[in-house]
Every structure is written in C-alpha cells, then in structure tokens.
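Asker: I would like to see how this sequence folds:
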Amino acid sequence: MLMIKNDRLSAAVRYSVPFVLVPCLAVLGALVLDESRHLLVSLIAAALALLLFAAGFDKKKIGTRRMVICAVMTALAFAGRFIPFLNPITAMAIITGIYMGSEAGFLVGSLSALLSNFYFGQGPWTVFQMLAWGLIGFFAGALSKPLKSNTVFLLIYGALCGVLYSFIMDIWTVLWYNRGFSWGLYAGAIVSAIPYTASYVFSNVLFLFFLFKPFGVKLERIKTKYGI
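Answerer: Alright, predicted model coming up:
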C-alpha cells in the first residue's frame with residue numbers, strides 16, 4: 001500500500017511540476033509579484049526542479065550518481081553559453097534527457113538558465129527560460145528511444161525546440177509589455193523574433209550534430225559502469 005502511494009505521489013510530482021507548478025509560477029511572477037522578487041521566483045522554480053528530479057529515482061545511491069552527472073552537464077552548458085552567438089543549453093538538456101531521463105533533462109535545462117543568468121543578467125524572464133529549457137529536456141527524455149536511434153529525428157527535434165523556446169519567451173515578452181496576454185501582440189512578437197528563432201534553430205542543430213554521439217558514448221559508459 002505504501003509503495004502504491006509513493007508511486008502515485010511520484011507521478012503527481014512528475015507531471016504537476018513541469019506542466020502546472022512552474023508555468024503558473026512564471027505567469028504569477030510576471031503579472032502579480034514585484035519585479036524585485038524575480039530571484040525568489042527563480043529559486044522556487046529551481047527547488048521544484050530538484051523535487052521533480054528526486055521523484056524520478058527509487059534508490060538513493062543511483063539518484064546521487066545521477067545528480068553528479070547532471071551537475072557536470074549543467075556546468076558544461078553554463079560554460080558553453082559564453083560562446084558568441086551560439087547557445088548549447090538546449091543541446092545539453094536534450095542529451096541529458098535522452099540518456100538520464102526526463103527529470104534529469106528538466107533539471108539541467110532549468111538550472112543552466114538560472115546559474116548562467118547570474119552572469120548574463122537575472123530578471124523576471126529567467127523563470128521563463130528555466131521553463132522552456134526544462135520542458136525541452138523533459139520531452140527529450142520522453143522521446144529518448146526514437147531520438148537516440150534516428151539522427152534525422154534528433155536534429156528535427158532540436159530545430160523544433162528552437163521554435164518552442166522562442167514561443168515561450170515571446171509569452172514573457174507580451175506579459176511584460178502588456179501586463180496581460182494578447183493574441184495580437186503575441187503574433188507580433190513571434191514575427192519580430194524570427195531572426196532570433198532562426199539562430200536558436202541553427203545553434204541547436206549544430207550542437208546536436210557535433211556533440212550528441214561523443215557525449216552519448218561517454219554517458220552510456222558511465223551508466224553501464226555505475227549501474228545508473
């Protein structure tokens with residue numbers, strides 16, 4: 001009975017955090033809370049991402065090992081964001097999600113946004129970046145089998161993630177400008193952001209093309225060696 005309850009709780013956390021709690025937190029932070037509290041909102045989102053990660057494993061030892069790998073992937077994504085005009089965070093979140101699971105992908109995507117913005121600039125937009133990159137990593141875990149076995153599908157997914165990231169950030173743009181959502185303004189934001197969206201698509205495809213196989217080989221060896 002206790003195991004059934006734990007499974008139900010884990011399932012509730014697994015779906016409520018990325019699809020309900022963090023999105024509501026992002027909108028709440030943009031519309032209701034004072035902008036001076038944006039860092040608190042982002043830290044709460046980070047805590048929710050950690051809760052999601054913790055709900056994704058049963059054995060403490062395995063969870064600790066997965067956390068170490070996620071920390072390394074987050075650090076690499078953080079460092080890669082200093083590359084001019086290109087951003088590897090999406091690729092790192094996708095690779096982590098595919099090989100380490102949806103929860104790990106969400107964690108790496110969201111924490112990479114939060115930590116790197118301590119250098120690039122924190123603001124109410126940070127939690128939207130955490131949500132966007134987190135969801136990209138989460139869906140990569142859910143689609144791990146076809147993404148791992150088909151390079152063309154992987155690159156298409158990377159391209160679509162560039163569009164998804166831009167669409168989510170355009171929501172933030174409208175909420176910030178209008179203090180409420182407007183479909184007309186949203187359509188205008190999407191059109192005006194086309195050059196940026198194209199750069200996201202190009203960056204994602206480029207990094208996935210060059211990094212997926214070498215990182216995949218290393219992560220598979222680590223998983224086999226440490227029983228993750």
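
Asker: can we go C-alpha only for contacts and neighbour counts from here?
Answerer: OK.

Asker: Not counting its neighbours along the chain, what's nearest the residue nearest the centre of the chain?
Answerer: The residue lying closest to the centre of the chain (Cα atoms, centre = their mean) is Gly134, at 1.9 Å. Nearest residue to Gly134 in three dimensions, chain neighbours excluded: Phe106, at 3.8 Å (Cα to Cα, 6 or more residues apart in numbering).

Asker: any chance you could map the helices in this structure?
Answerer: Taking DSSP state H, the helices of the chain run over residues 2-16, 22-31, 38-54, 60-80, 89-100, 102-120, 126-142, 144-149, 151-178, 183-192, 194-226.

Asker: Using a markdown table, please lay out the ones you listed together with mean pLDDT.
Answerer: Supplementary listing: the helices of the chain in a markdown table, determined by pLDDT from 0 to 100:
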| stretch | mean pLDDT |
| --- | --- |
| helix 2-16 | 69 |
| helix 22-31 | 93 |
| helix 38-54 | 94 |
| helix 60-80 | 86 |
| helix 89-100 | 97 |
| helix 102-120 | 96 |
| helix 126-142 | 97 |
| helix 144-149 | 95 |
| helix 151-178 | 96 |
| helix 183-192 | 96 |
| helix 194-226 | 94 |
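
Asker: tell me the most buried of those?
Answerer: Of all these, helix 89-100 has the most neighbours on average by mean count of other Cα atoms under 10 Å, namely a mean of 29.

Asker: check contacts around the spatially closest residue to Ser116 that is not a sequence neighbour.
Answerer: Closest residue to Ser116 in three dimensions, ignoring its sequence neighbours and counting by Cα to Cα, 6+ apart: Phe78, at 5.4 Å. Neighbour list for Phe78: Ile89, Ser112, Ala113, Leu115, Ser116 [criterion: Cα atoms under 8 Å, 6 or more residues apart in numbering].

Asker: what does Phe212 give?
Answerer: Here Phe212 is in contact with Ile95 (Cα under 8 Å, 6+ apart).

Asker: Check Leu50 too.
Answerer: With the criterion set at Cα under 8 Å, 6+ apart, Leu50 makes contact with Leu107.

Asker: Test my guess that Pro23 contacts Leu131.
Answerer: Yes: in this structure Pro23 lies within contact range of Leu131 using Cα atoms under 8 Å: 6.9 Å.

Asker: Quick check on Trp125: phi, psi?
Answerer: Torsion angles at Trp125 (phi, psi; degrees, to the nearest 10) stand at phi -70, psi -20.
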